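Trainee: Structure for the following, please:
(one chain, ligands or ions: 1)
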Amino acid sequence: MNEKKIVGEKAVEFIKDGMVVGLGTGTTVYYSIIKLGKLVKEGLNIQGIPTSVQTEELAKQLGIPLVSCNEVEQIDVAIDGADEVNSDLDLIKGGGGALLREKIIAKAANKFIVVATPSKMVGNLGSFQLPVEVAPFGVELTEKHIRKYGINPILRQIEGNPYKTDNGNYIFDCSFPDSLNVKELEEKLNLIPGVVENGLFINMTDIVVSLDDEKNIVLIER
Ligand SMILES: O=C[C@H](O)[C@H](O)[C@H](O)COP(=O)(O)O
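Mentor: Below you'll find the predicted structure:
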């Protein structure tokens, strides 16, 4: 049973003809995008807005018409994965490094749908290290400010070099104490000069598509 495929494809039922659709990034929403590609070939008329270069390339291969977020009046629905989802449907995202574009699109969408296998559902956010996207300029100063909140930031590396996002920035993967309130943490981090965005998505999710203990599809609404 491919859980990612099941939840990914289910979310596509929310997409109707004529919609502008935010296309998330990752291995779960991958199945939503594949399904959308099939439906487009069968005549579904949508415009997609990709949240990463990786998703843009996939959507192009599948023939999904794309549009820039600056060219549309509104985004009807955005579908995306998550690294963690708590019972308030707040999220940690950014394991794949796409958090900035994902958050811009999720915030702009009329409906934000998250596709999450049961392994992503947690009591408290924070077992997954929180990705924080930072400007390369002054990165060591930014790191010092992040540490002041009791957070332990680790610069994401790839082949011995700092990982670079699609926006040319770096990412700190941050472990933080349970005592920190995630709603406050989201705001505090973004007040630090040099922090571009963080992977806490608070009060943004409308629906989570997941599976229950019997592996039936469940729609969890906020
Ligand atoms: O930057 C990556 C995104 O936030 C992904 O949506 C998130 O990491 C979940 O990805 P996956 O579905 O591959 O677990």
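
Trainee: Would you confirm that Gly8 contacts Gly24?
Mentor: No: if you go by CB atoms under 8 Å, Gly8 and Gly24 don't touch, sitting 9.8 Å apart. C-beta coordinates here come from the backbone N, C-alpha and C atoms, glycine included.

Trainee: Give the residues shared as contacts by these two.
Mentor: By the contact definition CB atoms under 8 Å, 6 or more residues apart in numbering, Gly8 and Gly24 are jointly contacted by 32, 115.

Trainee: and the two? which has more neighbours close in?
Mentor: The neighbour count for Gly8 versus Gly24, taken as other CB atoms under 10 Å, is higher for Gly24 (32 against 27).

Trainee: what's the spacing between stretch 34-48 and its chain's center?
Mentor: 21 Å (CA atoms, centre = their mean, to the nearest Å).

Trainee: actually stretch 155-172, sorry about that
Mentor: Worked out by CA atoms, centre = their mean, stretch 155-172 lies 17 Å from the chain centre.

Trainee: got it, and stretch 150-157?
Mentor: 19 Å.

Trainee: contact partners of it?
Mentor: 97, 129-132, 139, 143, 146-147, 162-163, 170-177, 179-180.

Trainee: filter these down to the ones near the ligand?
Mentor: Gly97 (CB under 6 Å from any ligand atom).

Trainee: What about the contacts of stretch 150-157, which are in helices?
Mentor: Counted as lying in helices by DSSP state H, out of the contacts of stretch 150-157, are 139, 143, 146-147.

Trainee: For these, pick the one with the most neighbours.
Mentor: Highest neighbour count within those: Ile146, with 23 neighbours (other CB under 10 Å).

Trainee: do you know how far the nearest residue to that residue once chain neighbours are set aside is from the ligand?
Mentor: In space, and not counting its chain neighbours, Ile146 is closest to Pro153: 4.8 Å by CB to CB, 6 or more residues apart in numbering. In this structure, Pro153 and the ligand are 17 Å apart, going by CB to the nearest ligand atom, to the nearest Å.

Trainee: Which secondary structure element is home to Pro153?
Mentor: strand 152-155 (DSSP states H and E).

Trainee: What of Asn110?
Mentor: Under the assignment here (DSSP H and E), Asn110 is part of strand 109-115.

Trainee: Tell me how far the longest helix along the chain lies from the chain's centre.
Mentor: The residue-count maximum for a helix in the chain (DSSP H) belongs to helix 29-41. Averaging C-alpha positions (CA atoms, centre = their mean) puts helix 29-41 18 Å from its chain's average.
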